[in-house]
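**Q** Give me the fold of what follows.
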Amino acid sequence: MNVKKTLCIILLIFILFSTITLVSADDDKSYSIDQAFIELTVGNNGLLHVEEIYDYTFDGSFNGVYRDIPLKTGESIDNITVTTDGAYSVTKVTDEGNKKHLKIYLYADEAHTKQISDTEVYVYISYDMKNTVTIFNDVAGLQYKLWGEDWEKGVDTLTAIVHLPGNESISYFLNPQEYNSSSSLTNDTISVTSNHIPSGEFYELLVLMPVSDFDNATYAKHVNENGREKIMHNLEESVNGRNFWNTSFIVLGLLSLISPIAAIFIYLKYGREPKVDYDGIYERELPTNDPPAMVNALIDNSQDIGTPNMHGFEATILDLINRKVFELETRTDANTNMKELFLKLNREKTNDLAIHEHTVFDIMEMFSDSHDIVNLSNLNSDLSHESNAKLFMEEYEEWQQDVKHEYLETEELETYFNNEGSVIMKILGIGGLILGIIIFVLGIMTNLNNGVYAIGGGIILAIFSFIVLMLPEDIFGQWTQKGRVFYLKWKNFKKFLKDNSLINEHPPESIVIWKQYLIYGAALGVADNVYDAMKLQEKNISYYDDDLFLYHHYGGYYIMHEAFKTGESAANPSSSDSGSFGSLGGGSGGGGGGAF
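**A** Here you go, the predicted structure:
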């Protein structure tokens with residue numbers, strides 16, 4: 001049994017037999033947030049300026065406070081400043097995933113040697129946010145959490161003032177409605193006062209404004225579709241849903257024990273790997289001669305073994321460039337003096353292509369001009385249109401099926417991997433996640449004393465089910481002996497490609513092998529590592545006349561990757577900028593904070 005599976009079994013047993021224990025940090029210290037003041041200024045260029053004031057009361061000694069500001073996709077934050085009244089301070093700002101983390105150290109003395117204790121401190125935070133205002137064809141909107149659900153403590157009173165770029169045809173909504181105390185709109189200013197907002201809850205403002213209020217809005221999101229009707233539908237649906245659950249209650253018990261028991265049983269029955277005669281540490285050469293799309297389908301997609309992903313698609317493009325099916329051209333843009341990348345489709349080289357490679361050729365042909373040339377620099381823009389994106393995703397899904405049909409039909413896949421256990425656990429995971437959420441929500445809403453059991457059971461079941469869904473398929477599924485050796489060798493080859501020191505210690509002896517490293521590195525999701533290693537060896541390599549290396553040198557891999565991500569997003573209206581706009585809890589800002 002490998003280390004990964006051992007840890008997973010330990011985790012399952014821990015969840016099964018552990019109980020929820022509430023531990024107070026220190027009975028003799030506490031803090032509260034008595035008031036919060038939020039001031040938003042919406043500029044006619046789309047820039048959102050934010051001013052925040054938090055009134056902390058500390059009982060006992062503390063080192064400081066922190067503030068987490070989440071950023072949705074495409075959003076950015078600049079010009080962060082922090083000042084304090086009632087204590088001296090030093091602020092450290094870091095990026096943590098999709099949020100800004102502000103750690104504010106508070107001191108009782110100017111020399112920064114003493115902790116604060118039994119005092120009141122005001123914390124002032126200001127910053128600018130871009131791409132939080134969304135401009136549709138028929139309306140402009142700002143959806144912003146005045147208070148986020150990630151605060152350690154609730155706030156007794158929140159006051160907000162919002163300055164808008166215009167003063168006509170403005171609509172605003174505050175949710176959840178039970179936290180509304182008073183609000184008003186005077187000319188171009190919205191004033192809001194809330195009731196007590198408990199920790200774990202959010203308070204959100206949605207403002208709809210005329211598009212004409214914005215002039216050259218370079219700091220706003222632009223969505224080329226009508227948004228008002230969809231926004232109002234999302235808002236109404238969310239509000240009605242919350243009201244429904246706020247008037248419903250039921251108590252559910254400790255059903256959370258069922259899924260962990262089933263998971264242990266399924267692992268013991270289906271998940272244990274066969275022993276194989278292979279103990280390699282890493283592989284320097286291609287372990288097999290299989291096409292990159294097939295290797296990608298078996299190695300890089302741990303959530304759906306046997307189905308290739310975008311890395312496999314990109315690797316196929318690299319392979320076709322290497323075989324001169326696609327030829328690279330660079331041109332200098334007359335206006336920007338920047339290099340632009342172009343792919344020329346070589347139809348004379350298509351006779352010997354596999355089916356899935358023909359599909360890739362056909363996809364690129366969709367975006368080519370009359371001279372069979374694709375401007376890669378424009379591909380991201382082309383795929384941002386929903387019609388183009390949907391067409392691309394249809395062809396991409398056909399390509400996935402082509403790879404499976406050619407190399408990994410059910411019978412052939414079964415010679416590598418048995419997914420019976422993983423299928424069973426996916427079903428249990430989805431069901432458990434849904435049930436856990438329902439149990440938790442109902443437990444929160446009920447006034448009965450035994451609602452705490454529903455809350456605890458729902459949390460355990462939902463967390464456990466989410467972990468199960470995120471686990472690789474081979475935890476509860478099982479590689480065959482043939483598949484296990486295949487998996488281990490390619491994983492060790494990927495380990496070799498990721499470690500620049502290993503490649504520098506054992507550099508390839510020919511350009512041909514460098515090309516293989518690039519192609520299969522893309523299939524395994526580590527193409528950038530290979531290219532970085534190549535640059536370290538650049539003095540020993542003459543590759544500037546080769547399309548494959550030039551493609552990486554001019555950022556073709558990055559351009560294509562970003563374009564495909566845009567296509568995936570634009571093809572699904574539910575994941576587009578307007579899909580969830582107006583739904584409760586979907587706004588920008590929010591986040592949370594606490595003390596330490």
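**Q** Tell me the secondary structure of E411, please.
**A** Under DSSP: H, G, I helix; E, B strand; the rest coil, the three-state class of E411 is helix.
**Q** should've said I33
**A** I33 ends up strand, using three-state DSSP.
**Q** ok, now which ones touch it?
**A** Applying C-beta atoms under 8 Å, 6 or more residues apart in numbering, one finds that I33 lies in contact with Y54, D55, Y56, W151, K153, G154, V155, D156. For every residue, glycine as well, the C-beta is placed using N, CA and C.
**Q** Also H552?
**A** By C-beta under 8 Å, 6+ apart, the contact set of H552 is L518, A527, Y531, M534.
**Q** farthest-separated two in these?
**A** Taking C-beta to C-beta, the two most distant members of the contacts of H552 are A527 and M534; they sit 10.4 Å apart.
**Q** what do the two both touch?
**A** L518, H552.
**Q** that older thread, V82: which of the contacts of I33 is nearest?
**A** Nearest to V82 among the contacts of I33: Y54, at 10.8 Å, using C-beta to C-beta.
**Q** how about the closest one, secondary structure?
**A** strand.
**Q** what about A262, how many residues close to it?
**A** For A262, the neighbour count with other C-beta atoms under 10 Å is 15.
**Q** and the nearest residue to it once chain neighbours are set aside, what does it touch?
**A** Once flanking residues are discounted, A262 sits nearest to L428: 5.9 Å by C-beta to C-beta, 6 or more residues apart in numbering. Counting by C-beta under 8 Å, 6+ apart, L428 makes contact with S259, A262, A263, S465, V468.
**Q** N529 touches G521, doesn't it?
**A** Yes. Under the criterion of C-beta atoms under 8 Å, N529 makes contact with G521 at 6.6 Å.
**Q** where do the contact lists of the two overlap?
**A** Residues touching both N529 and G521 (C-beta under 8 Å, 6+ apart): L497.
**Q** More neighbours: which of these two?
**A** In terms of neighbours (other C-beta under 10 Å), G521 is the more surrounded of N529 and G521; the figures are 26 against 19.
**Q** Output the below-cut-off pLDDT ranges for the stretch 401-550 of the chain.
**A** The model of the stretch 401-550 of the chain has pLDDT under 70 over residues 445-453, 509, 535-545.
**Q** repeat that for 80
**A** By pLDDT under 80, the weakly predicted segments of the stretch 401-550 of the chain are 419, 421-423, 435-436, 438-458, 460-461, 468, 471-475, 500-511, 531-550.
**Q** who does the helix or strand that N529 is a member of touch, helix- and strand-wise?
**A** N529 is located in helix 527-536, with elements delineated by DSSP states H and E. Contacts defined by 3 or more C-beta pairs under 8 Å, 6 or more residues apart in numbering; DSSP states H and E place helix 527-536 against helix 310-322, helix 481-498, helix 500-505, helix 511-523, helix 547-553, helix 556-570.
**Q** most neighbours per residue, which of those helices?
**A** Most buried of these, by mean neighbour count (mean count of other C-beta atoms under 10 Å): helix 310-322, with a mean of 24.
**Q** Show me what it packs onto, helices and strands only.
**A** Looks like helix 310-322 contacts helix 292-299, strand 326-332, helix 355-366, helix 386-407, helix 511-523, helix 527-536, helix 547-553, helix 556-570 (3+ C-beta pairs under 8 Å, 6+ apart).
**Q** Using CSV, lay out these together with distance to R347.
**A** As requested, the helices and strands packed on helix 310-322 are exported to CSV (distance: least, C-beta to C-beta, whole Å):
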stretch, distance to R347
helix 292-299, 21
strand 326-332, 11
helix 355-366, 9
helix 386-407, 18
helix 511-523, 22
helix 527-536, 27
helix 547-553, 17
helix 556-570, 21
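**Q** Help me confirm that R347 comes into contact with E365.
**A** No. The criterion here is C-beta under 8 Å, and R347 misses it with E365 at 9.2 Å.
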